[in-house]
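>>> Fold the following, please.
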Amino acid sequence: MDFGSSEDSVVSELDSEESGVSFDLPKNVSSVIKVIGVGGGGSNAVNHMINEGIKDVDFIICNTDAQALETGQAPTKIQLGMSLTEGLGAGENPTVGEKAALESESEIRRILEKNTKMVFVTAGMGGGTGTGAAPVIAKISKELDILTIGIVTVPFGFEGPKRFKQAEEGIEKIREYVDSLVVINNDKLVEVYGDLGLKSGFAKADETLMVAARGISEVITQNCLVNIDLNDAKTVLKDSGTAIMGSGKASGPNRAEEVVEKALDSPLLNDNHIRGANKILLLVISGKDEITIKEVNEINYHLQREAGGDADIILGVGENPNLEEDISITIIATGVLAKDVDPITGSEERKVHVLNSEKEQESSSEETESISELNESSDIEIDHSIVPHEPDNTVEFQEDETTEHGVNLKDSKMLSSINESVLSNDITHQNLKEVSETNLKRAEDRKKRLQKFHNLNFNNQVVLKELEEEPAYKRQGLDLDEPEHSSVEPNSRVFLDSNEDELEIKNNNSFLHDNVD
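Model (predicted):
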């Protein structure tokens, strides 16, 4: 038996001077979590993760471009479609990318079969390799009963409708083969980070892919005080459809509330909300300033409120001294209804309800042959039969008859009645016109009064004092006669006359006369 060193092993010598016995120990143990970067965008995201020093994860990059594959930092590289593309790339054609992945299926399957429990498939959608090959790799992973998470990006708007259309088709395909899918809209990055340079924009898109993959993997792999294991992740992510993810960092006295706000405003959320989510993975990391129980409760409270108060939150709490006074959280929410989520951006669709709308009727029309396709030599039968009841093509004239018209008294009265009715209608029309003009005038007067009222400034104390002290009739310029004092008794023509038998009220007071001397 050979106990010597080799390329695939590390020699560990114990008491070599005394016994001279050495042991072969395995150099690398395959991790249960693998991150596969597909195409240019996915490979760049993997490079970012390696530079960040993420541990306990195996990194794999797949590409049809041999030159781009050589520059990758991942220890495992798969050249897709070596015979098909000859290492020259997919040429922005998703069909070529799909065929290239199928050509390399056996190699992909061989790598995933080794101690793999969870796979991240990251890709930038819209191109050739990522769009075409990522769904194939996800399908292979799913067939091996591996928890499969897809993390993809939607192209920037300036990349054109063709790439956007290809991205749409690619996302729909990969959605069929993943347990959970995170979709990142690149245009959201411009809203969050401002007007980026072209190079910076693509770099930020790759970085966002990396943040999403790192966030989910660290939720599981990080050694925490309150731990989240792989089975917890399966509970939340298995066959969950669309996943909504966010992360944030905050410090200060209100850091618990602020960190939730930042996580829910993360570009990973893509303008979505977690309302309706039934399961949430929550990882809370604090620095030297340890997070308190009250702050953890506050974070849980805000998340439950945003989710609708019914979510099952699986919590992980850990420490990272590099955070100093900060706390950071990563949330992964699932259970949002798929019918409420746009297939591309993951954003909620606008619903338009049309009331009393007529149903569109499909007009069916038979296809007619083109004139050029008609058989010119075909014989057409002519029906020479005569319709028995068809009239002859002749013109008949009838002799005019003399018509006598008579008018009697009864007809005259009826005519008179009709004329009166017409006249009455004219008068009514005239009256209606006068009424209409009157109403218009009243409306105009009312409008002027209201306008005058609105022009009054009640906040001005001088104006308000004048309104209180000066009567309205004086402001309108009306002169009223002063009434007589209450002590003055008015003279009346009515008086009481006493007869022998009874009292009588009379209106002709003899002491008063209309003609005063």
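
>>> helices or strands up against whichever strand in the chain runs longest?
Determined from DSSP state E, the single longest strand within the chain is strand 241-250. Applying 3 or more Cβ pairs under 8 Å, 6 or more residues apart in numbering; DSSP states H and E, we find strand 241-250 packed against strand 180-185, helix 198-221, helix 255-264, strand 327-334. (C-beta placed from N, C-alpha, C; glycine too.)

>>> nearest to Gly128, of the ones you listed?
helix 198-221 (16.4 Å; Cβ to Cβ).

>>> Next SSE downstream of that closest one?
Counting by DSSP states H and E, the next helix or strand C-terminal to helix 198-221 is helix 230-237.

>>> what comes up buried for that following helix?
Neighbour counts over helix 230-237 (16 or more other Cβ atoms under 10 Å) mark 232-237 as buried.

>>> And stretch 40-56, by the same measure?
Across stretch 40-56, burial judged by 16+ other Cβ under 10 Å covers 40-50, 54.

>>> export that stretch as PDB, just CAs?
Provided in PDB are the C-alpha atoms of stretch 40-56 (Å, rounded to 0.1, in the frame of the first residue of the first chain):
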ATOM      1  CA  GLY A  40     -20.900  35.600 -18.300                       C
ATOM      2  CA  GLY A  41     -23.100  37.100 -15.600                       C
ATOM      3  CA  GLY A  42     -23.300  34.000 -13.500                       C
ATOM      4  CA  SER A  43     -19.500  33.400 -13.700                       C
ATOM      5  CA  ASN A  44     -18.800  37.000 -12.700                       C
ATOM      6  CA  ALA A  45     -21.100  36.600  -9.700                       C
ATOM      7  CA  VAL A  46     -19.200  33.500  -8.600                       C
ATOM      8  CA  ASN A  47     -15.900  35.400  -8.900                       C
ATOM      9  CA  HIS A  48     -17.300  38.100  -6.600                       C
ATOM     10  CA  MET A  49     -18.300  35.400  -4.100                       C
ATOM     11  CA  ILE A  50     -14.800  33.900  -4.100                       C
ATOM     12  CA  ASN A  51     -13.300  37.300  -3.600                       C
ATOM     13  CA  GLU A  52     -15.600  37.900  -0.700                       C
ATOM     14  CA  GLY A  53     -14.100  34.800   1.000                       C
ATOM     15  CA  ILE A  54     -17.400  32.800   1.300                       C
ATOM     16  CA  LYS A  55     -16.700  29.400   2.800                       C
ATOM     17  CA  ASP A  56     -18.400  26.000   3.100                       C
END
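
>>> I would like the residues contacting it, please.
31, 33, 35-37, 57, 59-63, 65, 68-69, 72-74, 121-124, 127, 129-130, 134, 151, 153, 203, 205-207, 209-210, 213-214, 217-218, 221 (Cβ atoms under 8 Å, 6 or more residues apart in numbering).

>>> same thing but at 6 Å, please
Contact with stretch 40-56 is made by 31, 37, 59, 61, 63, 72-74, 122-124, 130, 206-207, 209-210, 214, 221, as judged by Cβ atoms under 6 Å, 6 or more residues apart in numbering.

>>> re the thing from before, output the helices and strands packed on strand 241-250 as TSV; include the columns mean neighbour count, distance to Gly157 and mean pLDDT.
Shown next, in TSV, are the helices and strands packed on strand 241-250 (neighbours: other Cβ atoms under 10 Å; distance: least, Cβ to Cβ, whole Å; pLDDT from 0 to 100):
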stretch	mean neighbour count	distance to Gly157	mean pLDDT
strand 180-185	26	10	87
helix 198-221	21	11	78
helix 255-264	20	24	89
strand 327-334	26	27	88
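
>>> Now render those as TSV, adding distance to Lys447.
Shown next, in TSV, are those (distance: least, Cβ to Cβ, whole Å):
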stretch	distance to Lys447
strand 180-185	52
helix 198-221	57
helix 255-264	50
strand 327-334	57
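
>>> For Glu92, find the nearest of the ones you listed.
helix 198-221 (15.5 Å).

>>> Can you tell me which helices and strands the closest one packs against?
Helix 198-221 sits against helix 39-51, strand 118-124, strand 147-154, with contacts defined as 3 or more Cβ pairs under 6 Å, 6 or more residues apart in numbering; DSSP states H and E.

>>> As CSV, these with distance to Arg163 would be great.
Formatted as CSV, the helices and strands packed on helix 198-221 follow (distance: least, Cβ to Cβ, whole Å):
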stretch, distance to Arg163
helix 39-51, 12
strand 118-124, 10
strand 147-154, 9
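
>>> pLDDT-wise, which helix or strand of this protein ranks last?
Least confident helix or strand of the chain, by mean pLDDT, DSSP states H and E, is strand 9-13 with a mean of 38.

>>> follow-up on the earlier one: now do the longest strand of the chain against helix 255-264, angle only.
140 degrees (axes from the mean of the first three to the mean of the last three Cα atoms, to 10 degrees).

>>> Can I get the buried residues of stretch 40-56 in TSV including pLDDT and distance to Leu282?
Shown next, in TSV, are the buried residues of stretch 40-56 (pLDDT from 0 to 100; distance: Cβ to Cβ, whole Å):
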residue	pLDDT	distance to Leu282
Gly40	90	33
Gly41	88	28
Gly42	90	27
Ser43	92	30
Asn44	88	28
Ala45	88	23
Val46	90	26
Asn47	90	28
His48	86	24
Met49	86	22
Ile50	89	26
Ile54	80	20
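
>>> Just name the closest of these to Ser328, please.
Nearest to Ser328 out of the buried residues of stretch 40-56 is Ile54 (Cβ to Cβ; 15.0 Å).

>>> Please report the distance of that closest one from Gly215.
Distance of Ile54 to Gly215, given as Cβ to Cβ, to the nearest Å: 10 Å.

>>> What is the neighbour count of the nearest residue to Lys114 once chain neighbours are set aside?
Residue nearest to Lys114 in three dimensions, not counting chain neighbours: Ser30, with 4.8 Å by Cβ to Cβ, 6 or more residues apart in numbering. By the criterion of other Cβ atoms under 10 Å, Ser30 has 13 neighbours.

>>> Same question for Asn186.
Using other Cβ under 10 Å, Asn186 is surrounded by 25 other residues.

>>> How about Lys288?
The local packing of Lys288 (other Cβ under 10 Å) involves 12 other residues.

>>> show me the contacts for it.
Going by Cβ under 6 Å, 6+ apart, Lys288 touches 321, 324.

>>> what does Asp239 give?
Listed by Cβ under 6 Å, 6+ apart, the contact partners of Asp239 are Asp179.

>>> so what's Val119 closest to, chain neighbours aside?
Closest residue in space to Val119, ignoring its immediate chain neighbours: Ser141 at 4.5 Å, by Cβ to Cβ, 6+ apart.

>>> What is the helix or strand in which the one you found is found packed up against?
Ser141 is located in helix 129-143, with elements delineated by DSSP H and E. Other helices and strands packing on helix 129-143, by 3+ Cβ pairs under 6 Å, 6+ apart, are strand 33-38, helix 39-51, helix 94-103, helix 105-112, strand 118-124, strand 147-154, helix 161-175.

>>> got the buried residues for the fourth one?
Residues of helix 105-112 classed as buried: 108, 111-112 (neighbour count, 16+ other Cβ under 10 Å).

>>> of those residues, closest to Asn254?
Leu112 (45.0 Å).

>>> so what's the closest one scoring on pLDDT?
pLDDT recorded at Leu112 is 93.

>>> who's in contact with it?
141, 144.

>>> any idea how far it is from His273?
For Leu112, the distance to His273 - Cβ to Cβ - is 34 Å.

>>> again with Glu444
With Cβ to Cβ as the criterion, Glu444 and His273 are 52 Å apart.

>>> Over to Ala45?
25 Å.

>>> what does Leu144 give?
Using Cβ to Cβ, Leu144 is found at 34 Å from His273.

>>> Ok, Glu290 next?
In terms of Cβ to Cβ, Glu290 sits 30 Å off from His273.

>>> Of those two, give the one with the bigger neighbour count.
More crowded of Glu290 and His273, by other Cβ under 10 Å: His273, with 16 against 11.
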